[in-house]
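**Q** Just a sequence and a predicted model for now, questions to come.
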Amino acid sequence: MSISSVVIVGAGQAGFQVAASLRQGGYTGAITLIGDEPGLPYQRPPLSKAYLLGKIKADNLAFRPATFFSEQNIELLHTRAVEIDRQNQNVVLANGNSVDYDHLILATGGHNRLLSIPGDDVEGVYGIKTLADADALSPRMSAASNVVVVGCGFIGLEFAAVAAALGKSVQLVDRGDRLMARAISHEMSALFLNAHQSWGVKFHFNQGVSRITHANGKVTGVVKENGEELPADLVVYGIGIIPNITLAAEAGLEIDNGIKVDANLLTNDPHISAIGDVACFPCIHNNGEHTRIESVPNAMDQARSVAARLLGKPSPFIATPWFWTDQGNLKLQIVGLSTGFDTTVTLGDPSSQQFSVLCFRKDHLIAVESCNRPSDHMAGKKLLSRPAELTISEASTPGFDLKAWEIAHRT
């Protein structure tokens, strides 16, 4: 079936990438990219680190300059999509206009999970999701002395590292018993804990936050669930995101921890795909279970997969998931999904901050975590993109070199 018009809702990494990949692949039909933020589509990972440190300016965040969109004939609309009319195949916009589509791609991403506690709306309490968030936070960051971070996932820890580097007193509160508990092994978690503590960050594990104290409309402290109050003139939270499913749900698309799609990233409507943080897809790296992955590489890989399908080259989405986070002088790179691992093998010395953890499930390598060991990360990506035969016994051999083993066992 010929597709003469593609509409993309969401102008983040996934939405931009699918538009660019379509043009790169030779698609000549109409492309409309709908984003509800002003300005050009931009990259978000630097917002919680390099951008706040002033190492990258707003102009350098854009994926491409304005000329790219005009030259590639990609119509960029700065408005909000409010309804999908599946019967007539159009998207209704907040400004009252509508855009027709032959194929619709939902790349609506997610929004910050809110603290939802008394005082969370006072001045000095921020989440970091958009450029506007970072711009509002920046001047407060400069003036702050006592910073409390709620949530020790990637975003919270990236920000904590930045605040500590700027000489702030930083305390971090999390309900879990260790940092990045949902994402990494105990061994890697311990390395990052030691590093953050060496930078002066103080941790409060197994604790939630019950309320924000304030005076004259400005934050003064954070009260933990045990009643202890931490002084704060700035509070930043990163407690996860909630997928933006409202548009899809109201249109009758199937929802399951996001917008549910098949192996080709198609929804239950054959004219609509979903990609990126909002898409819940059957993941071969998670025993085929429907999985939603929040990462830039996943967004880009899914965008390319959908573009290829629309260009007449369909194939199931099987890309190996990978992630990264930069915290201070530490770069953590993860390939694979470590859910359900039962054995780990470590490579290197954590005290040197060049360290990798191989995660196995039933003697099958399922994930590689690497801190400042890029060669291990690259070897892990290659191994996990094919049936990996590395055993726990082999990996535990003294002097084992993951890169060398991968090269020796290429087929």
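**A** Structure's in. What do you need?
**Q** pLDDT at the residue nearest to residue 233 when sequence neighbours are not counted, what is it?
**A** Spatial nearest neighbour of residue 233, chain neighbours left out: residue 144 (5.1 Å); criterion: C-beta to C-beta, 6 or more residues apart in numbering. In short, each C-beta sits where N, CA and C put it, glycine included. Reading off the confidence values, residue 144 has pLDDT 95.
**Q** Please apply the same query to the one 5 residues further on.
**A** Residue 149 carries a pLDDT score of 98 in this model.
**Q** Who are the contact partners of it?
**A** By C-beta atoms under 8 Å, 6 or more residues apart in numbering, the contact list for residue 149 reads 156-157, 159-160, 163, 170-173, 235-238.
**Q** Which strand residues bridge it?
**A** Beta-bridge pairing for residue 149 (DSSP bridges): residue 172, residue 236.
**Q** how close does it sit to residue 157?
**A** 8 Å (C-beta to C-beta, to the nearest Å).
**Q** between the two, what contacts are shared?
**A** With C-beta under 8 Å, 6+ apart, residue 149 and residue 157 have common neighbours residue 172.
**Q** Pull out the buried residues from the contacts of residue 149.
**A** Buried members of the contacts of residue 149, counted by 16 or more other C-beta atoms under 10 Å: 156-157, 159-160, 163, 170-173, 235-238.
**Q** who are the neighbours in contact with the residue nearest the centre of the chain?
**A** For the chain, residue 295 is the residue whose C-alpha lies nearest the centre (C-alpha atoms, centre = their mean; 3.4 Å). By C-beta under 8 Å, 6+ apart, the residues touching residue 295 are 321-323.
**Q** what's the domain layout of this protein?
**A** 5-111+242-310, 114-239, 329-408 (automatic domain parsing).
**Q** can you put those in a markdown table and add distance to residue 316?
**A** Shown next, in a markdown table, are the domains of the chain (distance: least, C-beta to C-beta, whole Å):
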| stretch | distance to residue 316 |
| --- | --- |
| domain 5-111+242-310 | 4 |
| domain 114-239 | 25 |
| domain 329-408 | 14 |
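**Q** Provide the contact partners of stretch 344-359 at residue level.
**A** For stretch 344-359, using C-beta under 8 Å, 6+ apart, the contacting residues are 184-185, 187-188, 190-191, 194-195, 329-330, 336, 338, 341, 343, 360, 365-373, 376, 380, 390, 392, 395-396, 400, 402.
**Q** Buried residues, it. List them.
**A** So stretch 344-359, judged by 16+ other C-beta under 10 Å, has buried residues 344-348, 350, 353-359.
**Q** Give me the phi and psi angles of residue 188.
**A** phi -70, psi -40 (degrees, to the nearest 10).
**Q** Hmm, residue 368 and it touching each other?
**A** No. Residue 188 is beyond contact range of residue 368, at 10.6 Å (criterion: C-beta atoms under 8 Å).
**Q** rewinding a little: buried only: go through the contacts of stretch 344-359 for me.
**A** 184-185, 187-188, 191, 195, 330, 336, 338, 341, 360, 365-373, 376, 380, 390, 392, 395, 402.
**Q** returning to that earlier point: in CSV, list the buried ones among the contacts of residue 149 along with pLDDT and distance to residue 21.
**A** Shown next, in CSV, are the buried ones among the contacts of residue 149 (pLDDT from 0 to 100; distance: C-beta to C-beta, whole Å):
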residue, pLDDT, distance to residue 21
156, 96, 32
157, 97, 32
159, 96, 31
160, 97, 35
163, 96, 37
170, 98, 40
171, 98, 43
172, 98, 38
173, 98, 41
235, 97, 39
236, 97, 34
237, 96, 34
238, 95, 30
